[in-house]
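1. Got a predicted model here, sequence first, then my questions.
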Amino acid sequence: MIDRVLGDIDTDIDNSVERLFDWLRIPSISTDPAFAGDCRRAAEWVRGDLEALGFEASVRETSFHPVVVGHLPKPGAPHVLFYGHYDVQPVDPLDLWEVPPFEPTLATLDGDRKVIRARGACDDKGQVMTFLEACRAWKATQGGLPVGVTVLIEGAEENGSKGLPEWLEANKDELKADYVLVCDTGMWDRTTPSITTSLRGLVYRELKVRAADRDLHSGSFGGAARNPIRVLARIIADLHDESGRITIPGFYDGVPETPPEILAQWQALNLTPQDFLGAIGLGVPAGETDRTLIEQIQSRPTCDVNGIIGGYTGEGSKTVIAGEASCKISFRLVGNQDPEAIAAAFEAFVQARIPADCSVEITRFGTSKAIQLPYDMPALGKARAALAAEWGREPVLIGAGGSIPIVTDFKNTLGIDTLLVGFGLDDDRIHSPNEKYDLSSFHRGARSWARILDALGK
C-alpha cells in the first residue's frame, strides 16, 4: 500500500512543483499592510487546494490576517492537526535577488543540485506543500488518508502569529487531535533527517539609559558628567562571567541536563567548530566553556545583545557625551525556565546597576516558554522509524535555537504535544534574498510525510 502512495508522489512530482509555484507567485508578506489583499489571496489558494483534496475547508477571520481550516475526519482512527503558515518575509533588499522573488524558478547549484528559488520556497509554503502532496497521493491511490486530519494554515507567523492565540482559544473544541504536526524546521544535513524535540523560549527587552538632558561637549563635561554608554556597557559586560555563564541570579533554574543517550547521539555527529562556524568566518565557540559546541547550540540557554545605539554614529568625528544610550537584549530559554521569572530577575539586575543621575526605561517585548517533547512519546518513535525508512539513516533528535511560539499555545490551550519534522537546510537563505528549497527536500519531504501518516495510522 505505502509503495503505491510513494510511487504516485514520484510520478506526480512535476505537477507538485507547478502547484507549489502557483502558491509562491502570491506575494503574501504579512508585515506590510500593502500586501493584505495578497495574504487573503494566499489563504483562498490553500483553501481551494484543500477542497480539491476532499477537505471541508474555509477561510476564517482573526484580528489580523485570516487562517485557513480544513477537516477530513476518519472515524475510529487517530486524528492529527497539521499546522503551517502561508505568509512570508519581506524581500528587501530586492537588488540582491538573482531572480524576482515571486517568480519561482528551478535552478541548478553545484552541478546537479536542483533547487526551487522564490520567497517562501522553504519558509513555509514549500514545507506545507510536502504534507499536502503526501495527502494528495494517499487520496489518489487509496481513496482516503490513514488518519483523520485537520489542517490549520495561518497568515501571521512572521508577525509573531498575531491574532492566532486568541482565535485558537475561541475555537479549541474544533481543533481536538491526538498530535500536532509542524513542518517548519530543518534537517541535520542534506541526507540526514531530523526531528525537533525542543524549541527554545524567549525573553526580549529593550533598555534605554538616560543621563543628561542633552548630548554634552566632552571637553567641557568629560570626567564630571555621567556617560550612559558607559553605564550600559557595564550592564552588558556583567551579564556573562569569564566561563560564558550568564550571571543573572536564578537564571539556570529549570535548565535540564540532556539524557546521556541523546548526548551520545549528538557527540557521534562530530560537529566541529570549523564545521559550524567556519562558513561565517569564525572558529572559536563563545558559549559556556564547560559545554561542548553541540550542547551550546542545542540544549543550553543564551543571552545576546541584538543591537546597541548611543551618541554620535555619523561620518567623521563629533566629541560628545551622549544624553542616552539604548540596547536590545534577547534570552533564549530551554527546559522549564520560567520566562516571567527571568524577565523580572533581569530587570532587577539592570536596576541594581543604574547609578545616581541616571534612569532606565525598559520596554517589554514578548516572552514565550520553551517546549520539550517527551522522548518516549509514541508518535516520536513512529516518526523516527518512518524517516529512517525513507532516508536510510536514523533521524537526529535536535533542539531548535529559534522559537515557534504558537507551539506553546498548542500545548497550553489544546493540551497537545507537537511533532516537528521539517526538510529545510542551513543554506536555504530563509528571511534573506535568494531563498531556496532543494527539490530533493520537497520531493522526499512529501514521501516522508506519506510514511509518517502511514505509521501514525497503524
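-> Alright, I've got the coordinates.
2. just so I have it, where are all the helices in the stretch 1-150 of the chain?
-> Under the criterion DSSP state H, counting those that start in this stretch, the stretch 1-150 of the chain carries helices at the ranges 2-11, 13-24, 36-52, 125-142.
3. Mean neighbour count, the ones you listed: which tops it?
-> Neighbour counts (mean count of other Cβ atoms under 10 Å) averaged over each of these peak at helix 125-142, with a mean of 24. Any C-beta I mention is one placed from the backbone N, CA and C, and that applies to glycine too.
4. Nearest approach to Ala224 belongs to which of the helices of the stretch 1-150 of the chain?
-> helix 36-52 (53.4 Å; Cβ to Cβ).
5. Mean pLDDT for the helices of the stretch 1-150 of the chain - can I get that in TSV?
-> Formatted as TSV, the entries for those read as follows, by pLDDT from 0 to 100:
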stretch	mean pLDDT
helix 2-11	98
helix 13-24	98
helix 36-52	98
helix 125-142	98
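6. How is the chain partitioned into domains?
-> Per automatic domain parsing, the structural domains of the chain span 2-199+370-456, 201-255+301-367.
7. how far is the shortest one from where the chain is centred?
-> What separates the centre of domain 201-255+301-367 from the centre of its chain is 26 Å, taken as Cα atoms, centre = their mean, to the nearest Å.
8. Could you tell me the end-to-end distance of that domain?
-> Using Cα to Cα, to the nearest Å, the span of domain 201-255+301-367 from its first residue to its last is 7 Å.
9. And the residue nearest to Arg113 when sequence neighbours are not counted, how far from Glu44?
-> Once its chain neighbours are removed from consideration, Arg113 has its nearest residue in Asp438; the separation is 6.8 Å (Cβ to Cβ, 6 or more residues apart in numbering). Noted for Asp438: a distance of 28 Å to Glu44, by Cβ to Cβ, to the nearest Å.
10. coming back round to it: buried deepest among the domains of the chain, which one?
-> Burial of the domains of the chain is given as mean neighbour count (mean count of other Cβ under 10 Å); domain 2-199+370-456 ranks first at a mean of 19.
11. Let's have the helices of the stretch 1-150 of the chain in JSON lines, adding distance to Gly250.
-> Supplementary listing: those in JSON lines, determined by distance: least, Cβ to Cβ, whole Å:
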{"stretch": "helix 2-11", "distance to Gly250": "50"}
{"stretch": "helix 13-24", "distance to Gly250": "46"}
{"stretch": "helix 36-52", "distance to Gly250": "41"}
{"stretch": "helix 125-142", "distance to Gly250": "37"}
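12. what about those helices, which gets the closest to Ala156?
-> With Cβ to Cβ as the measure, helix 36-52 is the member of the helices of the stretch 1-150 of the chain nearest Ala156 (8.3 Å).
13. Which neighbouring elements make contact with that closest one?
-> On a contact count with 3 or more Cβ pairs under 8 Å, 6 or more residues apart in numbering; DSSP states H and E, helix 36-52 meets helix 13-24, strand 56-60, strand 67-72, helix 125-142, strand 148-154.
14. elements contacting the second one?
-> Based on contacts counted as 3+ Cβ pairs under 8 Å, 6+ apart, the elements that strand 56-60 packs against are helix 36-52, strand 67-72.
15. next one: it to chain centre, how far?
-> In terms of Cα atoms, centre = their mean, the centre of strand 56-60 is set 25 Å apart from its chain centre.
16. Tell me which of the helices and strands packed on strand 56-60 lies nearest to Ile248.
-> Across those, Ile248 has its closest neighbour in strand 67-72 (37.3 Å, Cβ to Cβ).
17. Distance from that closest one to the middle of the chain?
-> Relative to the mean C-alpha coordinate of its chain, strand 67-72 is positioned 22 Å out (Cα atoms, centre = their mean).
18. For it, give the mean pLDDT please.
-> Mean pLDDT, taken over the full extent of strand 67-72, equals 98.
19. What are the contacting residues of that strand?
-> Contacts to strand 67-72, defined as Cβ atoms under 8 Å, 6 or more residues apart in numbering, come from residues 43, 46-47, 50-51, 53-60, 86, 135, 145, 148-155, 164, 167, 171, 174.
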